[in-house]
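S.K.: Got a predicted structure plus its sequence, pasted below:
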Amino acid sequence: MPGVQVCSLKVDIPQLIAPGTAYKIVRFPFGVAESTDQFEMHQAVQPDGYVVSNWATDDRSGLIWPSKVGWGHLHAMIQWESASGAGGYTELRDQYVRDPLGLTPTPDDTTATEHRTPTPGGQYYVKNHGIFVAPGTPIALRVTHNDAASRLLTLAEFKLVIHDVA
């Protein structure tokens, strides 16, 4: 189908993220809890046949499977709770990644990795990046931090807009 195709995900149920250098996939609900998925890029029954039974515990709920080949414009909004008192975070990290779960021959291709220092007040970030996308290679948003304790990701959005390529 020609034209722009969009998948827009949002989650406002906090996700507890353990500290460390290993990035965690941000998980998103399916169905009526989604912003929009007209082109079926974020489904509980995934293109490879795998079925996600619980979006809140399965990393596959964080995957967007592009519906067509094209130029993908990625958007994300990330909101963290405040750092803990003693040993609070000094760095928040986020990135986009192709095939973070190793489902294709060329897994874990990261891009737009950002390391951020906390600001006074809330930790609210928006990021945008463009990459080529193709069906069969899922994309995810990943995060981590270096607090001494696990911290809550309080709100996240993840969007893919696919433009036709000449």
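M.R.: Arrived safely.

S.K.: Quickly run through the sheet partners of the lowest-mean-pLDDT helix or strand in the chain, with directions.
M.R.: Lowest on mean pLDDT, DSSP states H and E among the helices and strands of the chain sits strand 109-116, with a mean of 92. Pairing partners of strand 109-116, with direction, according to DSSP bridges: strand 92-98 (antiparallel).

S.K.: Report the buried residues of the strand it pairs with.
M.R.: Buried positions in strand 92-98, judged by neighbour count with 16 or more other Cβ atoms under 10 Å: 92, 93, 94, 95, 96, 97, 98. For every residue, glycine as well, the C-beta is placed using N, CA and C.

S.K.: quick check, nearest of the residues you listed to residue 156?
M.R.: Distances from residue 156 to the buried residues of strand 92-98, taken as Cβ to Cβ, are shortest for residue 94 (9.5 Å).

S.K.: For the closest one, which residues count as its bridge partners?
M.R.: As for beta bridges, residue 94 partners with residue 114, residue 143 under DSSP bridges.

S.K.: For it, give its distance to residue 28.
M.R.: 15 Å (Cβ to Cβ, to the nearest Å).

S.K.: remind me, longest strand of this protein?
M.R.: Among the segments of the chain that qualify as a strand by DSSP state E, the longest is strand 151-163.
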